[in-house]
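**Student:** What follows is a predicted structure for the sequence shown.
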Protein chains: 2
Amino acid sequence: MPAKLIDGKILAMSIRQQVVRDAATLLEKGLGIHLVAVLVGHSPAARVYADNQARTCRDMGIRYSLLEFAADITQVQLNTELARLAADTTVTGIMVHLPLPAHLNTQETQYAIDVLKDVEGVNPANIGHVVYGHTIIAPCTALATVELIESTGVPLRGAEVTVVGASRIAGKPIALLLTERQATVTLCHIHTRDLFIHSQKADILVVAVGKPGLISAGHVKPGAVVIDVGINRVTTANAQGQLVAITVGDVDFQSVLPVAGWLTPVPGGVGPMTVAMLLKNTLRAARLVHKLEKPF
Amino acid sequence: MPAKLIDGKILAMSIRQQVVRDAATLLEKGLGIHLVAVLVGHSPAARVYADNQARTCRDMGIRYSLLEFAADITQVQLNTELARLAADTTVTGIMVHLPLPAHLNTQETQYAIDVLKDVEGVNPANIGHVVYGHTIIAPCTALATVELIESTGVPLRGAEVTVVGASRIAGKPIALLLTERQATVTLCHIHTRDLFIHSQKADILVVAVGKPGLISAGHVKPGAVVIDVGINRVTTANAQGQLVAITVGDVDFQSVLPVAGWLTPVPGGVGPMTVAMLLKNTLRAARLVHKLEKPF
């Protein structure tokens, strides 16, 4: 029996519906929701992304502003702008588009985002709060991964979990959130000597490397939950022999499908859930800023 | 051949000598080093500890103050006091004695400690900085564990490491620091189904549970590095049949000694190194506060 597919689009839809209801509840009370996205330098790709984001937010009743700075802004100036957004009581959410120009320090910049307004959950303090067991706002991709796993009904407590990839944006936060859910987590990466040993024993296998075809059937324990966080654009030939660009994950889907118990597709798995989690975090941040919820 | 012992006392001694030299360098420049320890409620045990700490600091040229508050101080008051210490330019280090009275939130309190003055490395932001790859100040016990492993010459990069125990003070920060050193880390805890599978494959086994005799020969891969973070007071009969209190770790020392390649004794392993790391962090904090070193 092939793996059951975990449909990230449908799950994301139900989360977005909840966000719409939560936003309406706040707006009825006269409490605004205002997300400010910071973009340094003029990137056409980031502008397209920002335009999409603005539309999504508008559909939800969330005010959205794009705040653009010149590519030569200094770290001190950028930190000052982020402190200004932290102090601005009309702003309830802040995110900073990556990548930043090379002269700016990503970690220092993210640390300057107000912890309560940090809708992407990227401020180091926020992952620290996750580590110490009391989450304020968690990173979106990690939240998406947890929700996708929980939707299968496979229990996380005591599960053997292997996370492949130790990036700051995905693998590390994912490993930390799954540890919080009481799984036994092994975090593998480029220096891991034998990936097979760890992947084959995993009840739940999370792959977040950015390398198409990294995981095939031989890596996977029969019946395992496999979450594919990778999003890779590759060029391939279609049935007519034409070269076309498609999006694939890190998992060789056709190879793993007959072995796994559950599998996320790419696209349509982690991607839409990550966007939904950003919206959910935006509501959480607004409730924190409006003191409807407490950070501790 | 029995395991080589890793002598934490000797390693700690050399770190303390370096701290004395570093302190002298600062003092020669007219830059003070002032550690403030915060104690809430009147605990005779904490007073004894504080007296010892004061003496140790004095020996190093570090000014030490104990700041005591009544057991009924509110969270808001305590946060205000910690903010005052953060703003006080004559204070270069801050630590808060645990446990706090039950009405106070440990995580919120530690989050109120200035990140640059956080000599124990317990502010959630500081472990977050470790997670994201740029450490400002790391937790003492985790630093001690890394130093003890590195003293053996066994490389951490690519090593299979199992950490047993996922406490906030020890297991989790240890797992994170070892991941930063590019080891493949599995973090086990009370919900782990089969500890043997993970402990037996470990090139490096770190045990931080607080349960005497938890780890015996059957858990350990021959030749492995075993770091025993546990410190347990137990009552036992001496050769004369009298009951005496002794300190033991989580590892059954006599059982594991013939199997392991390296082993830390308890006492005399992680304990003295943790104290040395607190002193080393106190100097790091002073250099950060005096802007001799930058956080980013």
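**Tutor:** Now that the structure is in, tell me what you want to look at. All values reported here derive from a predicted model rather than from experimental measurement.

**Student:** for A:L243, what are its contacts?
**Tutor:** The neighbourhood of A:L243, defined by Cβ atoms under 8 Å, 6 or more residues apart in numbering or on different chains, consists of A:235-237. No exception for glycine: its C-beta is placed from N, CA and C like everyone else's.

**Student:** Return the entry from those with the maximum number of neighbours.
**Tutor:** Using other Cβ atoms under 10 Å in any protein chain shown as the contact criterion, the top neighbour count among the contacts of A:L243 goes to A:T236, which has 11 neighbours.

**Student:** May I have the secondary structure class of that residue?
**Tutor:** Reduced to three states with DSSP: H, G, I helix; E, B strand; the rest coil, the structure at A:T236 is strand.

**Student:** Please name the bridge partners of it.
**Tutor:** Counting by DSSP bridges, A:T236 forms beta bridges with A:V244.

**Student:** so how far is chain B from it?
**Tutor:** Applying Cβ to the nearest Cβ, to the nearest Å, one obtains 32 Å for the distance of A:T236 from chain B.

**Student:** hang on, isn't that residue packed against A:G213?
**Tutor:** No. If you go by Cβ atoms under 8 Å, A:T236 and A:G213 don't touch, sitting 11.5 Å apart.

**Student:** how does chain A divide into domains?
**Tutor:** As recorded under automatic domain parsing, the domains making up chain A are A:34-120, A:139-268.

**Student:** Report the distance from the longest one to the chain centre.
**Tutor:** Once both centres are worked out by Cα atoms, centre = their mean, to the nearest Å, domain A:139-268 turns out to sit 14 Å from its chain's centre.

**Student:** Tell me, how many residues neighbour the nearest residue to A:V40 once chain neighbours are set aside?
**Tutor:** For A:V40, ignoring the flanking residues on the chain, the nearest one in space by Cβ to Cβ, 6 or more residues apart in numbering or on different chains is A:F69 at 4.9 Å. The local packing of A:F69 (other Cβ under 10 Å) involves 15 other residues.

**Student:** wait, what's in contact with A:F69?
**Tutor:** When contacts are counted by Cβ under 8 Å, 6+ apart, A:F69 touches A:38-41, A:77-78, A:81.

**Student:** Sort out which of the residues you listed are buried, if you could.
**Tutor:** With neighbours counted using 16 or more other Cβ atoms under 10 Å in any protein chain shown, these contain these buried positions: A:38-41, A:78, A:81.

**Student:** Between which two of those residues is the distance greatest?
**Tutor:** A:G41 and A:E81 (14.1 Å; Cβ to Cβ).

**Student:** Secondary structure class of A:T141, three-state.
**Tutor:** Each residue gets one of three states, and A:T141 gets helix by three-state DSSP.

**Student:** isn't it right up against A:A170?
**Tutor:** Yes. Between A:T141 and A:A170 a contact is recorded at 5.0 Å, counting by Cβ under 8 Å.

**Student:** which residues are in contact with both of the two?
**Tutor:** A:208, A:229.

**Student:** and the closest residue to A:L31 other than its chain neighbours, how many neighbours?
**Tutor:** Closest residue in space to A:L31, ignoring its immediate chain neighbours: A:H290 at 4.7 Å, by Cβ to Cβ, 6+ apart. Number of residues near A:H290 (other Cβ under 10 Å) recorded here: 16.

**Student:** What does the pLDDT read for A:H290?
**Tutor:** Among the per-residue scores, A:H290 shows a pLDDT of 98.

**Student:** With A:K221 instead?
**Tutor:** Spelled out, the predicted local distance difference test score at A:K221 is 98.

**Student:** any idea how far it is from chain B?
**Tutor:** Distance from A:K221 to chain B, counting by Cβ to the nearest Cβ: 13 Å.
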